[in-house]
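**Q** Predicted coordinates and the sequence they were generated for:
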There are 2 protein chains.
Amino acid sequence: MLKLTSVFGQTTNWNELSKDQQIALLERPALADSSKLSDTVATIIAQVRSQGDVVLKELAAKFDKVTLENLQVSQAAIDNAVNEISPEVKDAIELAHRQVHAFHLAQKPKDIRVETTPGVVCELRSQPINEVGLYIPGGTAPLPSTVIMTATPAKIAGCKRVIMITPPDENGGVTPEIRYAAKVCGVDALYISGGAQAIAALAYGTESIAPVDKIFGPGNSFVTEAKQQVSQDAKGAAIDMPAGPSEVLVIADKNADPDYVAADLLSQAEHGKDSQVILLTDSVEQAQAVEAATQQQLALLPRQEIAAAALSHSRIIIVNDIAQACEVSNMYAPEHLIVQTDNARQLLPFLENAGSIFLGAYTPESAGDYASGTNHVLPTYGYTKAYSSLNLSSFMKQFTVQELTQAGLNTIGPAIMALAKAESLDAHKNAVGIRLNKQQVLDPTKNDQVN
Amino acid sequence: MLKLTSVFGQTTNWNELSKDQQIALLERPALADSSKLSDTVATIIAQVRSQGDVVLKELAAKFDKVTLENLQVSQAAIDNAVNEISPEVKDAIELAHRQVHAFHLAQKPKDIRVETTPGVVCELRSQPINEVGLYIPGGTAPLPSTVIMTATPAKIAGCKRVIMITPPDENGGVTPEIRYAAKVCGVDALYISGGAQAIAALAYGTESIAPVDKIFGPGNSFVTEAKQQVSQDAKGAAIDMPAGPSEVLVIADKNADPDYVAADLLSQAEHGKDSQVILLTDSVEQAQAVEAATQQQLALLPRQEIAAAALSHSRIIIVNDIAQACEVSNMYAPEHLIVQTDNARQLLPFLENAGSIFLGAYTPESAGDYASGTNHVLPTYGYTKAYSSLNLSSFMKQFTVQELTQAGLNTIGPAIMALAKAESLDAHKNAVGIRLNKQQVLDPTKNDQVN
């Protein structure tokens, strides 16, 4: 097994591992399965359900050390945000919104109509979810980009009520970047509350905040646990997707620029100490060059300590060729997948499981995090095998419509009756029979004539 | 308040109720929140995870009173099913499959590609979920129709492995109807096991059954609880949707045929004692006629006792007009919504929340249950407000791709850097900066030139 002294946790040759070792190498660290967290969150949710606004204010005082007079941000504060941010940030928010808007607008669904048999019309239609709530992480690390990623598609989908909730900053307010992003995106109301209590307010409502049908957005472990709990309650709310630590997998061949690869790995590593970072390459020289570049760039980062911690459990995996890199990537099923190879696009048909794919030298992950137009709310922790990345349809629901003529029912009616009989569901059969021949069905002795 | 002696639980004039009474009238009964069920299911799941096949066989002996030699149904038994069913049922299965196939084939997604800015290409793509497991209720009430509803879209989606699991019949086998439906739909393997243990096998695998990425299909309370539990475990499996008792809401005006309305209400009522049945009408005469017709038809039903129990907590609600019926329906958000009014189609724009809508006199619910082409796996219990009906996309996942040219990154790069800086994510900023100007980013003192 190849070993390099490294800021990376492990450098491994894939083909020197047994099948079990390969699986173990791609294992994500177990999530803290804390019944204490679960109980704490359940208690907070119960408190918000029974006492409402006062709990949101009490917990803001307790956890955020601020006094909240009003839970809702005033329209004046939203309107004034533009005066509190730099022109660069203003322009950047507007550009990102335009980009995200353009891409999600193109996702508008078309209704589908099929006449499956003459006289039998089936339709698949989409409808916006009426009321949605967006949780925006705040406090010391406010994320205006997450406002854009969630509010923009919500408005395009046509949700009737799009509300946002975010923890207070140190003054009990909301940073101007988030207020301005909310303004640009057309959010209907902006509330101040963080953590599990904010999720409880969105799901069940309080005096100030009417409940929503579905909750979107990332958050800390309290937020994640609260989202999980309210999504398990039929009286709660749906949620966007399950959550886990953020992660990137980079596939790089010998021609990739190691400085770019290192920068992409580091931009994932700085997210948090639990961030997952994996490099797959078929070139030992490339692995060594990325290693050197990473050390060099890391030394200059303000969030060096976080990034170093994340890198300490990261992996460089040497594969035989890029085809094998694709196989390993499919096994891992990364949230972000960066492909820095010759002809990166040609690998697309072989990449099965990923939240968002970044092709080529000039497509860093941060492009998708902010402004390419794609969404940055993505399934992680292996969930890309079965869950979709956030997109316009996440803010809509699909339902069906059917309409039969008498002739249509005549055609498929006998099959319906035969199947209903096979399933011992006589009333299902009668609902057709009575239409085909009302007299017959009311006298079951004559049923076989229709059946 | 209007009262009729009735097989229906309650007949109520909507406009004589207070707002709170209206909300209470549409409340669904609380689901049994049994921590005993939850513990039992958790124990079964843990047993299957640790001991595999032997547990499936032990529990089949214990609960199903059968000895299972093999957990997998042989190809010979699948091939021979056609000789064990009537020509009517054979034709009905084939017709239903053709209908469902035609409607779901039309749902094939088109990839979306947008150049959001010159040199910035964003794509939304769909990919089949690799491995899916279908749970088909069996035992005394085998449901070949559910095979068709789940396996047909799974195969169209292109899932690589489509397996099915169903409880044993009294001989330890699988009814020929289910075997034949599996054959017609092209299911890859058919296993025998029911209840929570079957769900555990699909989610975690056993010696005989490799695990799947997502589980589909209805089931009893053990199955539902097991699906919920495995969906909450990152090492488990995704599931199609949360479950609840089946339900129908019928909107009928004075011109509807009361015999048809009664037949549709009864075909829902016979599903189970917990089935929900609601009639909305603006005509007291219609309500009375439906009442009489229901009593008459009920007397002839084999599943009379179940249907009567379901009807005993059903509701007839008198509304002012059909517009108000639509509002009440939107509040209730039914799984099945039958519209038997003049010009039923014209009501569509006003109907917001429903799993499947049945328009007009000749469109009974059983059409959609079996053979119109629409799917019968639908969100219920109010989940139609935020969840989609089962459709082709349920068997796929959507992900994004982006590809930037150097010019594209030059255009949006400064905005990315400004937002990354605003969010204190310097490595995100560097990943762009290093591409715009490698020298600059390695020396942070020069950063403002790019920023």
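**A** Nice, thanks for sending it over. The structure displayed is predicted, hence computed values, not measured ones. Numbers count the residues shown, from 1 in each chain, chains lettered A, B, ... in the order given.
**Q** Identify the residues contacting residue A:280.
**A** A:249, A:250, A:251, A:252, A:317, A:319, A:325, A:328, A:329 (Cβ atoms under 8 Å, 6 or more residues apart in numbering or on different chains). Any C-beta I mention is one placed from the backbone N, CA and C, and that applies to glycine too.
**Q** pLDDT on the lengthiest helix in chain A, on average?
**A** Taking DSSP state H as the criterion, chain A has its longest helix at helix A:87-105. In this model, helix A:87-105 carries a mean pLDDT of 98.
**Q** elements contacting it?
**A** In terms of contacts (3 or more Cβ pairs under 8 Å, 6 or more residues apart in numbering or on different chains; DSSP states H and E), helix A:87-105 is packed against helix A:144-157, helix A:176-185, strand B:112-117, strand B:120-128, helix B:406-422.
**Q** For that helix, report the contacting residues that lie outside it.
**A** With contact meaning Cβ under 8 Å, 6+ apart, helix A:87-105 is reached by A:82, A:85, A:144-145, A:148-149, A:152-153, A:156, A:177, A:180-181, A:184-185, A:370-375, A:391-392, B:114, B:116-117, B:120, B:122, B:124, B:412, B:414-416, B:418-419, B:422, B:451.
**Q** for stretch A:16-32, same thing?
**A** The contact list for stretch A:16-32, computed with Cβ under 8 Å, 6+ apart, reads A:1-2, A:10, A:12, A:14, A:221, A:244-245, A:247, A:274, A:276, A:313, A:315, A:317, A:328, A:331-332, A:381-382, B:234.
**Q** May I see the contacts of residue A:280 arranged in JSON lines, with secondary structure, pLDDT and distance to residue B:160 as well?
**A** Formatted as JSON lines, those follow (DSSP: H, G, I helix; E, B strand; the rest coil; pLDDT from 0 to 100; distance: Cβ to Cβ, whole Å):
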{"residue": "A:249", "secondary structure": "strand", "pLDDT": "98", "distance to residue B:160": "21"}
{"residue": "A:250", "secondary structure": "strand", "pLDDT": "98", "distance to residue B:160": "26"}
{"residue": "A:251", "secondary structure": "strand", "pLDDT": "98", "distance to residue B:160": "22"}
{"residue": "A:252", "secondary structure": "strand", "pLDDT": "98", "distance to residue B:160": "28"}
{"residue": "A:317", "secondary structure": "strand", "pLDDT": "97", "distance to residue B:160": "24"}
{"residue": "A:319", "secondary structure": "coil", "pLDDT": "98", "distance to residue B:160": "22"}
{"residue": "A:325", "secondary structure": "helix", "pLDDT": "98", "distance to residue B:160": "20"}
{"residue": "A:328", "secondary structure": "helix", "pLDDT": "98", "distance to residue B:160": "18"}
{"residue": "A:329", "secondary structure": "helix", "pLDDT": "98", "distance to residue B:160": "17"}
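**Q** and the longest helix of chain A with helix A:144-157, angle?
**A** Helix A:87-105 and helix A:144-157 are oriented at 40 degrees to each other (axes from the mean of the first three to the mean of the last three Cα atoms, to 10 degrees).
**Q** Neighbours of residue A:58, how many?
**A** 14 (other Cβ atoms under 10 Å in any protein chain shown).
**Q** So residue A:107: helix, strand or coil?
**A** Assigned with DSSP: H, G, I helix; E, B strand; the rest coil, residue A:107 falls in the coil class.
**Q** Over to residue A:268?
**A** Assigned with three-state DSSP, residue A:268 falls in the helix class.
**Q** Leaving out chain neighbours, which residue sits closest to it?
**A** For residue A:268, ignoring the flanking residues on the chain, the nearest one in space by Cβ to Cβ, 6 or more residues apart in numbering or on different chains is residue A:248 at 3.8 Å.
**Q** Give me the nearest residue to residue A:169, chain neighbours excluded.
**A** With Cβ to Cβ, 6+ apart, the residue lying closest to residue A:169 is residue A:175, at 5.5 Å.
**Q** Correction: the previous question concerned residue A:7.
**A** Going by Cβ to Cβ, 6+ apart, residue A:7 has residue A:311 as its nearest residue, at 4.9 Å.
**Q** That neighbour: helix or strand, and which one exactly?
**A** Assigned by DSSP states H and E, residue A:311 belongs to helix A:304-312.
**Q** Could you pull up phi and psi at residue A:165?
**A** Backbone torsions of residue A:165, given as degrees, to the nearest 10, read phi -140, psi 140.
**Q** show me what contacts it?
**A** Here residue A:165 is in contact with A:133-136, A:190-194, A:198, A:201-202, A:209 (criterion: Cβ under 8 Å, 6+ apart).
**Q** sorry, back to before: same for the helix holding residue A:311, what does it pack against?
**A** Partner elements for helix A:304-312 (3+ Cβ pairs under 8 Å, 6+ apart): helix A:258-269, strand A:276-281, helix A:284-298.
**Q** Settle this for me: residue A:222 is touching residue A:39, isn't it.
**A** No - applying Cβ atoms under 8 Å, one finds residue A:222 not in contact with residue A:39, separated by 11.9 Å.
**Q** What strands flank the helix or strand harbouring the residue nearest to residue A:268, and is each parallel or antiparallel?
**A** Applying DSSP H and E as the criterion places residue A:248 in strand A:247-252. Sheet pairing here is set by DSSP bridges, and for strand A:247-252 it gives strand A:276-281 (parallel), strand A:336-340 (parallel).
**Q** Now do the same for residue A:397: helix, strand or coil?
**A** The local conformation at residue A:397, judged by three-state DSSP, is strand.
**Q** on that earlier part again, just name the most buried of the helices and strands packed on helix A:87-105.
**A** With neighbours taken as mean count of other Cβ atoms under 10 Å in any protein chain shown, the helices and strands packed on helix A:87-105 reach their highest mean count in helix A:144-157, at a mean of 27.
**Q** and the angle from that helix to helix A:176-185?
**A** Helix A:144-157 runs at 10 degrees relative to helix A:176-185, counting by the same axes, to 10 degrees.
**Q** for helix A:144-157, what is the average pLDDT?
**A** Helix A:144-157 comes out with an average pLDDT of 98.
**Q** elements contacting that helix?
**A** In terms of contacts (3+ Cβ pairs under 8 Å, 6+ apart), helix A:144-157 is packed against helix A:87-105, strand A:131-135, strand A:161-166, helix A:176-185, helix B:406-422.
**Q** any chance of the ones you listed in a markdown table, with distance to residue B:56 too?
**A** Shown next, in a markdown table, are the helices and strands packed on helix A:144-157 (distance: least, Cβ to Cβ, whole Å):
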| stretch | distance to residue B:56 |
| --- | --- |
| helix A:87-105 | 45 |
| strand A:131-135 | 41 |
| strand A:161-166 | 46 |
| helix A:176-185 | 51 |
| helix B:406-422 | 52 |
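**Q** between those, which one is nearest to residue B:64?
**A** Closest approach to residue B:64 among the helices and strands packed on helix A:144-157 (Cβ to Cβ): strand A:131-135, 43.9 Å.
**Q** what packs against that closest one?
**A** If contacts are counted by 3+ Cβ pairs under 8 Å, 6+ apart, strand A:131-135 sits against helix A:144-157, strand A:161-166, helix A:195-204, strand A:214-216.
**Q** How far away from the center of its chain is stretch A:407-422?
**A** 42 Å (Cα atoms, centre = their mean, to the nearest Å).
**Q** Now do that stretch: everything it contacts.
**A** By Cβ under 8 Å, 6+ apart, stretch A:407-422 touches A:117-121, A:404, A:426, A:428-429, A:432-433, A:435-436, A:450-451, B:86, B:88-89, B:91-93, B:95-96, B:99, B:144-145, B:177, B:362-364, B:366-367, B:369-372.
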